[in-house]
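*Asks:* Pasting a predicted model and its sequence here:
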Amino acid sequence: MVGAVALRVLSPSAGPNRTYFLEGALSLPASPSLVLTTVAFGSLLAHAYRPTLSWLTKLFWASTGMLLLYPFVLPDILLPAFHYRARILNAALALLLFAYLHGRLHGRLGTAPQLARGRVLALAVVLFVFKGKVTWEWHRHVGLFRTELAEARGIVDFPLEGAFSERRSSQFSWSWTSPTRSVVFQAIEEGQVRAIMLNADTSVWQPFLPLSGDMPDLSAFGIWYGSELTGAVAPP
Amino acid sequence: MFNNDDAPLDASSFRLLVGTVALGAVLSVTAVIATRRFLYADSSYFLLGMWENGSFFVPNYSRWFGFWVTQWLPVLAMKLGLTDLGVLAALYGVNLWMNPALTVLVAWWSSGRSREVTLATLLCVLFLFQNTYLVLDNEASVFFLLVSILLILTLRRDFSYWVLLLFIPILFSHGVAVLAVGPILVALLLWRRRYFSTTGRAGSGPS
């Protein structure tokens, strides 16, 4: 049993492993944000070891500047899914970076890097501005999602037209989570669930089947489904 | 660690950078919680599962470690009788995002309040913060590994046994994590030779 599990998890030939790993690897160069961030951090550290190379300075400021402008100029291609797919590879990269820095800092692998305080500060501020813009775009997407459900009752189709479906917003959608999102947002914000949006592709796997009346039971929290969803009368 | 376009790593430089990052992180995470950005991807599914179970929700048991690490806070609140779904959702968001902050705090503490080690950790966390949309379950397990290795390196012991032990939860965390951290294990073990050959302080195993 343990051997079978270990084999399934470890084997690169396993379908999910291969898919995730390849998707992650391919996402790294495909996302402008991932590339710019990596270049900015890379040039920051490289400059710490080779401060005389002026092109590293130019590269750092160019990539950091583009990182600042990019979410405002090209909000349609923030590509959060790419960040999601590449998260393990990025975590691995950060871990290696840390191990290297730690070895340097303790003088065991050479001299400690001399980081430029101004650059580190500038990069940190730019990253937070970037994240602020991404959060704003998410907020916009969720606002459009709420608008789609505002007057709805019962099961509603995924909208194929309008601002919600345009790339700027739809990049924040997930292929199979429209029904779960519908339930979660209304349960939190309204205390009841009166409408559920279907996925754009209704043939994909999903945790429950709204069309079959198979809804998550949240009665322990006082959450009930509207009669349009269950066919039953909601309690007072 | 700092040079001068700029200044050496004195206490004021350290406070300036840590203060800036802390302020940015607090503002950023507050915005994330307020807008529920943590519900991107499949997080709404996990949250719904926790509500239904009234406990941990582990839909894929090969990732149990990551799920536990990222769900313990809202689960604890439910066990204590909290039923406000808005608060539980916010706690889930906090739980997802608290691992980077914990990493830096542990780095600071375990290194004897070393500015250099803390800033090195901070840089890595900033990189991850930017390059991953959320620090989700799998990343949490890697963060755990990072903190643990930090502890071990700081303690200057022979860490190969610990690395192998720590990889056990990683093995059951996610197949992808194994593929990604496998090369790291090799790198660390090779690195260890240089690390200890320059210090001459190879210690015993776990104690």
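*Replies:* Structure's in. What do you need? Treat the numbers as computed from the prediction; the structure is a model and nothing was measured.
*Asks:* Please, where are all the helices along the chain?
*Replies:* Because you didn't say which chain, this covers chain A. Along chain A, the stretches classed as helices by DSSP state H are A:2-10, A:15-30, A:32-49, A:54-73, A:80-85, A:87-105, A:117-150, A:167-170, A:178-190, A:227-230.
*Asks:* Actually, chain B is the one I wanted.
*Replies:* Counting by DSSP H, one finds helices in chain B at the ranges B:11-35, B:43-53, B:64-79, B:85-110, B:115-131, B:137-155, B:160-171, B:175-197.
*Asks:* Let's have the helices of chain A in a markdown table, adding mean pLDDT, distance to residue A:199 and mean neighbour count.
*Replies:* C-beta: built from backbone N, CA, C; applies to glycine. Converted to a markdown table, the helices of chain A look like this (pLDDT from 0 to 100; distance: least, C-beta to C-beta, whole Å; neighbours: other C-beta atoms under 10 Å in any protein chain shown):
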| stretch | mean pLDDT | distance to residue A:199 | mean neighbour count |
| --- | --- | --- | --- |
| helix A:2-10 | 58 | 28 | 12 |
| helix A:15-30 | 72 | 20 | 16 |
| helix A:32-49 | 91 | 26 | 20 |
| helix A:54-73 | 96 | 27 | 16 |
| helix A:80-85 | 86 | 15 | 22 |
| helix A:87-105 | 71 | 23 | 22 |
| helix A:117-150 | 94 | 13 | 19 |
| helix A:167-170 | 96 | 12 | 16 |
| helix A:178-190 | 96 | 5 | 22 |
| helix A:227-230 | 86 | 16 | 16 |
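*Asks:* could I get those helices as CSV with distance to chain B?
*Replies:* Converted to CSV, these look like this (distance: least, C-beta to the nearest C-beta, whole Å):
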stretch, distance to chain B
helix A:2-10, 5
helix A:15-30, 4
helix A:32-49, 5
helix A:54-73, 8
helix A:80-85, 4
helix A:87-105, 4
helix A:117-150, 4
helix A:167-170, 13
helix A:178-190, 4
helix A:227-230, 15
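*Asks:* Same list (those helices) but as JSON lines, adding distance to residue B:31.
*Replies:* Listed next are the helices of chain A as JSON lines, based on distance: least, C-beta to C-beta, whole Å:
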{"stretch": "helix A:2-10", "distance to residue B:31": "36"}
{"stretch": "helix A:15-30", "distance to residue B:31": "25"}
{"stretch": "helix A:32-49", "distance to residue B:31": "18"}
{"stretch": "helix A:54-73", "distance to residue B:31": "14"}
{"stretch": "helix A:80-85", "distance to residue B:31": "15"}
{"stretch": "helix A:87-105", "distance to residue B:31": "20"}
{"stretch": "helix A:117-150", "distance to residue B:31": "5"}
{"stretch": "helix A:167-170", "distance to residue B:31": "18"}
{"stretch": "helix A:178-190", "distance to residue B:31": "17"}
{"stretch": "helix A:227-230", "distance to residue B:31": "32"}
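*Asks:* Looking at the ones you listed, spot the one closest to residue B:115.
*Replies:* helix A:87-105 (9.7 Å; C-beta to C-beta).
*Asks:* and stretch B:11-19, C-alpha only, in PDB?
*Replies:* This file holds the C-alpha atoms of stretch B:11-19, laid out as PDB (Å, rounded to 0.1, in the frame of the first residue of the first chain):
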ATOM      1  CA  ALA B  11      20.500  49.000  12.500                       C
ATOM      2  CA  SER B  12      18.800  51.900  10.700                       C
ATOM      3  CA  SER B  13      19.000  50.300   7.300                       C
ATOM      4  CA  PHE B  14      17.700  47.100   8.700                       C
ATOM      5  CA  ARG B  15      14.700  48.900  10.300                       C
ATOM      6  CA  LEU B  16      14.000  50.900   7.200                       C
ATOM      7  CA  LEU B  17      13.800  47.800   5.000                       C
ATOM      8  CA  VAL B  18      12.000  45.600   7.400                       C
ATOM      9  CA  GLY B  19       9.600  48.400   8.300                       C
END
